[in-house]
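Novice: Here is my input; please provide its structure:
(2 chains)
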Protein chains: 2
Amino acid sequence: MVNVAILGFGTVGSGVAEVLTTNGGLIDNRVRDLVRLKYILDVRDFPDSPYKDCFVKDFAVIESDPEVDIVVETIGGAKIALEFTARALKAGKSVVTSNKELVATHGCELLQLAREHGCSYLFEASVGGGIPILRPLTSCLAANELEQITGILNGTTNYILTRMIRAGLTFEQALKEAQTNGYAEKDPTADVDGHDACRKICILADLAFGRQVDPALVPTEGIRNVTLEDVAYADSVGYQIKLLGRCLRQEEGRVCAFVAPHLVPAENPLSGVEDVFNAIAVTGNAIGDVMFYGRGAGKLPTASAVVADVIDIAKDLKKDRHNGWEAGSPDLVVSADYLMSPWYVRGQMSADQARKSCGEVQLLARSGAPAGECAFLTAPMTEPEVKEKLAGLEVGSRIRVLS
Amino acid sequence: MVNVAILGFGTVGSGVAEVLTTNGGLIDNRVRDLVRLKYILDVRDFPDSPYKDCFVKDFAVIESDPEVDIVVETIGGAKIALEFTARALKAGKSVVTSNKELVATHGCELLQLAREHGCSYLFEASVGGGIPILRPLTSCLAANELEQITGILNGTTNYILTRMIRAGLTFEQALKEAQTNGYAEKDPTADVDGHDACRKICILADLAFGRQVDPALVPTEGIRNVTLEDVAYADSVGYQIKLLGRCLRQEEGRVCAFVAPHLVPAENPLSGVEDVFNAIAVTGNAIGDVMFYGRGAGKLPTASAVVADVIDIAKDLKKDRHNGWEAGSPDLVVSADYLMSPWYVRGQMSADQARKSCGEVQLLARSGAPAGECAFLTAPMTEPEVKEKLAGLEVGSRIRVLS
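Specialist: This next block holds a predicted model:
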């Protein structure tokens, strides 16, 4: 018998309880043991819940019960979740989580704690929701030197951008619609300003390159400044505007990581990823490019990934998974200033001014453009170069093209 | 020290040697032991190969060397490869392969043999080349009741169809080009008639549903009958013609599996999979839809998957992986006759005849269509229904629409 406790009965926590129940028979078969939900920790009361006999309000009950093997942390944040995770690991209980903030900021120390206490800390659901990505990265792609990862990592912003592209909504209108549909929080900052995508690209970089990348060191730009004009110009050449998290291997174990909107050409499979879907493209030196695609959020998809981790641990409670990474350092993250790419530029200028400043450019057109508006794609160059060339011009938007 | 022997120094076998060498340092790190290539079995001589000291011509040398832990079988086919695989497993050596024919036809018995002799039989590279799919299916999606799998599983046919769509080549021209580029064999039967895709969908069904699906029981149609007219009509509504392998869970442990060309609507991410790329979409009851995308063939991508299996085994040589499936039976495979979908139909008939026979239809147009040609999409119906409705009419093509 393997006993599970869930911390936090919100969307993901209740989804985990539901999957453990609905698919209980096949889960027991796969584990070759009985996996049972013993506790749910929540401050609220759920008198009508089918799990009402499981609820406890004091974490110490779970911590001190030797029958509890696996703790599922779906509280979120990096405060009480950090405390409970550390206490569970110290009590020798493996912890599974979907909490990207906690993994991105404290993953290294929590993995170390798990190793010291002979248990595991797994977090497949922290990136890409239900999409299998972290385990494939470390097992199926283990024969590769990983070179870079590029991901549409946040479903909320991808939904907003899709609605701007498909329905012609402004950013504000699309955000409001996303909030109405439950795809965006009342306070959408973490999503629309790129912080959520930043945490996820940091976790991917940690696993791919072996050192903890501090989200605070990663330049992060969201989608607030993307306009319908930009969407229309991008569309005129078949490009889609997507918020991408990117990390690239550098020399001497360093990492270039950043989050920013990009123009994605139609031939890149990331361009076809719409609505709340996520996709993560990985480049390895043997495999070339592979891409993982699916629902990056939602109750049951996320619970699917959490329970897969529960099954993995339940199959072998004391296995040393060797999964961890080294601590980071302030100079770990390299600026993307070296990275050549074409740039999309929109501004108040003439085509002649555009050519004079940036050399050979591809002029773009949209219907209804006011006099004096000019938009174009540059030849590949670095960000410092394009900034210098555009100095003194009236630039409205400048967005990197994924190349 | 973990010693590896490669059987067959062809494209994949030499790729495995190359990846083991090029990425040797990181592989040793991940295994926490030294992984060394000890033997390569091939009937040919390779006096200039960097691995020339590894070559042997007699399998008994490998079989009887107690130092050999893992045998990589890249011979192909189900004759000598079957014999050597069985002998290696009986000698307690784990076997890794990319040989889909052998896994599809003898997987159940070889997995049983591996269990009996305390070793493993792994075959990630047999489906989707380098794309991580089999391990994610059985580990990351373990919390799901899997409902169906739909895959573009053969790069050769996808290349041919892409060239017909993009360059207007006929099937014969595109096939010749694929042969010139090394994407198709001199004898292209296994690819263009769907047998390769059939073996792969069988392996996916074995793993997803737990019983061996005999490829001989799976209705298999290739792409020889797809014409440029069909491609043009499909394109007129934004659909792509793709060769799909499909399997669907049925009641009482049975399976519906088949291989056939389909019209794929633009909103389905499989429609954007071009050239030699493969993609596999999986539907589970918790996760919904996920898709795995990448190069389905090629020396290094396939070697990447083979070496990932080698690493997995080398990390724990005696682990019981519990990965196997039950034997099949003659009544295991259920016909797709029950499956409702719209149908694409092209024939020599009038629009009135089309409507009279099939009810409400969506008429399609293409430039240069000769008089009397009519093409349309039907409402959703089963294959027996559409056949009955079209009886007596002069039908040139009838292709299922993926819905």
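
Novice: rest of the way, CA atoms for contacts and neighbours
Specialist: OK.

Novice: what about the helix or strand where A:A305 lies and chain B, touching?
Specialist: Per DSSP states H and E: A:A305 is located in helix A:299-315. Yes - Helix A:299-315 lies within reach of chain B by CA under 8 Å from any CA of the partner chain, at A:300-305, A:307-309, A:311-312.

Novice: Go through these and name the one nearest chain B.
Specialist: A:P301 (3.9 Å; CA to the nearest CA).

Novice: Which positions in the stretch 101-250 of chain A make contact with chain B?
Specialist: The stretch 101-250 of chain A has residues A:130-132, A:135-136, A:139-145 near chain B, with proximity defined as CA under 8 Å from any CA.

Novice: Turn those into a markdown table, including neighbour count and secondary structure.
Specialist: Shown next, in a markdown table, are those (neighbours: other CA atoms under 10 Å in any protein chain shown; DSSP: H, G, I helix; E, B strand; the rest coil):
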| residue | neighbour count | secondary structure |
| --- | --- | --- |
| A:G130 | 33 | coil |
| A:I131 | 33 | coil |
| A:P132 | 30 | coil |
| A:R135 | 20 | helix |
| A:P136 | 20 | helix |
| A:S139 | 18 | helix |
| A:C140 | 27 | helix |
| A:L141 | 29 | coil |
| A:A142 | 26 | coil |
| A:A143 | 32 | coil |
| A:N144 | 29 | coil |
| A:E145 | 20 | coil |
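
Novice: Tell me the one among the residues of helix A:299-315 next to chain B nearest to A:D193.
Specialist: Using CA to CA, the shortest approach to A:D193 within the residues of helix A:299-315 next to chain B belongs to A:T302, at 22.2 Å.

Novice: That closest one touches A:G13, doesn't it?
Specialist: No - counting by CA atoms under 8 Å, A:T302 does not reach A:G13; the two are 9.5 Å apart.

Novice: These two: which is more packed in?
Specialist: Between A:T302 and A:G13, A:T302 has the larger neighbour count (other CA atoms under 10 Å in any protein chain shown), namely 29 against 26.

Novice: Contact partners for that one?
Specialist: The neighbours of A:T302, taking CA atoms under 8 Å, 6 or more residues apart in numbering or on different chains as the test, are A:12, A:15, A:98, A:125, A:129-130, A:296, B:287.

Novice: Pick out the lowest-pLDDT one from the residues you listed.
Specialist: Ranked by pLDDT, the contacts of A:T302 bottom out at A:G296 (88).

Novice: And that one, how far from A:A305?
Specialist: 11 Å (CA to CA, to the nearest Å).

Novice: Now do the same contact list for A:C247.
Specialist: So A:C247 contacts A:148-150, A:201, A:205, A:255-258 (CA under 8 Å, 6+ apart).

Novice: Ignoring the adjacent residues along the chain, who's closest to it?
Specialist: Excluding the flanking residues, the one nearest A:C247 by CA to CA, 6 or more residues apart in numbering or on different chains is A:A257, at 4.2 Å.

Novice: what's the helix or strand encompassing that neighbour packed up against?
Specialist: Following DSSP H and E, one finds A:A257 within strand A:255-264. Other elements packing on strand A:255-264 under the criterion 3 or more CA pairs under 8 Å, 6 or more residues apart in numbering or on different chains; DSSP states H and E are helix A:195-209, strand A:240-249, strand A:333-334, strand A:394-401.

Novice: Please repeat the previous calculation with a cut-off of 10 Å.
Specialist: strand A:146-152, helix A:195-209, helix A:228-236, strand A:240-249, strand A:333-334, strand A:343-348, strand A:394-401 (3 or more CA pairs under 10 Å, 6 or more residues apart in numbering or on different chains; DSSP states H and E).

Novice: B:E73 versus the residue nearest to A:C247, what's the distance?
Specialist: Taking CA to CA, one finds A:A257 at 39 Å from B:E73.
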